[in-house]
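> what shape does this take:
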Amino acid sequence: MKNLFNISLALVVGFSLFGCAKLYKPSNQSESPYVSVMKLHVRDACNVQKNGVNKVLTLAQKYNPIDIKEGIEFMRFGVPTSEYIRATKQAIKDGSKTVQVYTRKGKKGGKFTVAFAAWRSCAFAVAALQQKVEAKSTWKLAMPGTGFKY
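Numbers count the residues shown, from 1 in each chain. Below is the predicted model:
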């Protein structure tokens with residue numbers, strides 16, 4: 001009887017300490033990029049007229065390396081988001097009003113204004129992470145026969 005009491009007491013103490021340790025989150029830990037990106041609204045965060053080209057480009061530069069690391073970098077007509085960022089930075093440095101982007105194969109991908117290229121790089125960088133997070137809960141809805149309407 002005494003052994004049973006000691007074992008149950010040890011289990012209760014162990015589980016309570018383990019549970020309390022799981023609930024504790026140090027305040028000095030930085031926020032996950034997935035949590036911070038889900039709080040953003042692409043239309044507001046990537047608004048070049050409201051925020052300016054440099055702030056929008058900075059936001060794109062913050063999230064695009066995470067996209068690349070996760071393997072979810074957006075590509076439009078063969079031009080990756082990192083190319084939009086590179087070309088926009090170069091255009092700002094040169095004082096140019098247009099941006100020439102290139103595909104991964106080195107072909108010309110198009111000519112855009114600096115504001116449009118900055119918006120596109122920001123929107124693509126943010127949306128890639130947001131869609132990855134949303135896909136974890138909505139992927140099953142898109143399966144045939146689940147009643148999801150397109």
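
> which elements pack onto the longest helix along the chain?
Assignment by DSSP state H gives helix 114-138 as the longest helix of the chain. On a contact count with 3 or more Cβ pairs under 8 Å, 6 or more residues apart in numbering; DSSP states H and E, helix 114-138 meets helix 33-38, helix 42-45, helix 48-51, helix 53-70, helix 81-94, strand 98-102. C-betas here are computed from N, CA, C, even on glycine.

> export those as a markdown table, with columns for distance to Gln130 and mean neighbour count.
Converted to a markdown table, the helices and strands packed on helix 114-138 look like this (distance: least, Cβ to Cβ, whole Å; neighbours: other Cβ atoms under 10 Å):
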| stretch | distance to Gln130 | mean neighbour count |
| --- | --- | --- |
| helix 33-38 | 6 | 15 |
| helix 42-45 | 8 | 13 |
| helix 48-51 | 18 | 14 |
| helix 53-70 | 10 | 18 |
| helix 81-94 | 14 | 20 |
| strand 98-102 | 23 | 18 |
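
> got CSV for those, with distance to Arg120 and mean pLDDT too?
Output for those, formatted as CSV (distance: least, Cβ to Cβ, whole Å; pLDDT from 0 to 100):
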stretch, distance to Arg120, mean pLDDT
helix 33-38, 17, 69
helix 42-45, 11, 86
helix 48-51, 10, 90
helix 53-70, 9, 88
helix 81-94, 5, 91
strand 98-102, 9, 89
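
> using JSON lines, please lay out those together with distance to Leu129.
Output for the helices and strands packed on helix 114-138, formatted as JSON lines (distance: least, Cβ to Cβ, whole Å):
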{"stretch": "helix 33-38", "distance to Leu129": "4"}
{"stretch": "helix 42-45", "distance to Leu129": "11"}
{"stretch": "helix 48-51", "distance to Leu129": "19"}
{"stretch": "helix 53-70", "distance to Leu129": "6"}
{"stretch": "helix 81-94", "distance to Leu129": "11"}
{"stretch": "strand 98-102", "distance to Leu129": "21"}
